[in-house]
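Kindly return the folded structure for what I paste below:
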Amino acid sequence: MSSLSPVALLTSLGLGLGLVACGPASPSVTPVTVAEPSGAARPPDFELPRLDGGSERLSSHFGKDVVLIDFWATFCKPCLRAMPDLDALYRARKERGFVVLGVSIDGPGSSADVQAEVSRLGVTFPILLDQESRAVALYNPRASAPFSVLIGRDGRVLAQREGYTTGSHDALERDVDAALR
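Next comes the predicted model:
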């Protein structure tokens, strides 16, 4: 049995190469945005360990912050290309109540690899370790990467996106700015 996560195994087999998303069968090479109905219930809560120590609970942001959950992996080239853009978005809007939670979907024992990539990229937003796939199971059951979920201050899901292209950043920026108004 392979010690690689399912996403890492598929990527190492060459699946997803050349696409804007890594991981299991990406149906398209363009980002997918799915808006939740206005009466939708709050998304499920989770608490994960932070790369820099301690832990982070999603619900601690409800009522005060717009949250972007970004599922990513160290072996996913589109994820790594997106990280500096997400960090710039975070730094420019964090004073207005915008938080990015970077959820690493790398498997158990990957903390050193995650730390090396975060340091190399100069990422300043919180990085969470989902080594047991708890948050992935709730929000991203196909384990796609990159995959993002935008949550409004009221705790409701506003949009979901799979993949990353140059145009993805502009669309995400518009969505975040609308949520911060």
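
Find the centremost residue of the chain, please.
For the chain, D70 is the residue whose C-alpha lies nearest the centre (C-alpha atoms, centre = their mean; 1.1 Å).

doesn't V103 make contact with that one?
Yes: look at D70 against V103 with C-beta atoms under 8 Å: they come within range, at 6.6 Å. Every residue, glycine included, has its C-beta placed from N, CA and C.

what packs against the lengthiest helix in the chain?
Scanning the chain for the helix with the most residues, using DSSP state H, yields helix 77-93. With contacts defined as 3 or more C-beta pairs under 8 Å, 6 or more residues apart in numbering; DSSP states H and E, the packing partners of helix 77-93 are strand 66-72, strand 98-104, helix 111-121, helix 166-180.

nearest to I127, of those?
strand 98-104 (4.6 Å; C-beta to C-beta).

roughly how far out does the closest one sit from the chain middle?
6 Å (C-alpha atoms, centre = their mean, to the nearest Å).

Need the contact partners of it.
Residues outside strand 98-104 that contact it (C-beta atoms under 8 Å, 6 or more residues apart in numbering): 48, 51, 56, 58, 61, 65-74, 83, 86-87, 89-90, 110, 114, 118, 123, 125-131, 135-136, 176, 180.

Please list the outside residues in contact with the longest helix of the chain.
Contacts for helix 77-93 (C-beta under 8 Å, 6+ apart): 19-22, 68, 70, 72-74, 98-100, 102, 117, 121-125, 145-146, 163-164, 168-169, 172-173, 176-177, 180.

Might you report the residue contacts of L150?
66-68, 157-161, 172, 175-176, 179.

rewinding a little: of the helices and strands packed on helix 77-93, which approaches P141 most closely?
strand 66-72 (11.0 Å).

List the buried residues for the closest one?
Residues 66-72 are the ones in strand 66-72 that count as buried (16 or more other C-beta atoms under 10 Å).

same question, stretch 166-181
168-169, 172, 175-176, 179.

any chance of the helices and strands packed on helix 77-93 in a markdown table, plus distance to G152 and mean pLDDT?
A markdown table is the format used below for those (distance: least, C-beta to C-beta, whole Å; pLDDT from 0 to 100):
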| stretch | distance to G152 | mean pLDDT |
| --- | --- | --- |
| strand 66-72 | 6 | 97 |
| strand 98-104 | 11 | 98 |
| helix 111-121 | 26 | 96 |
| helix 166-180 | 5 | 90 |
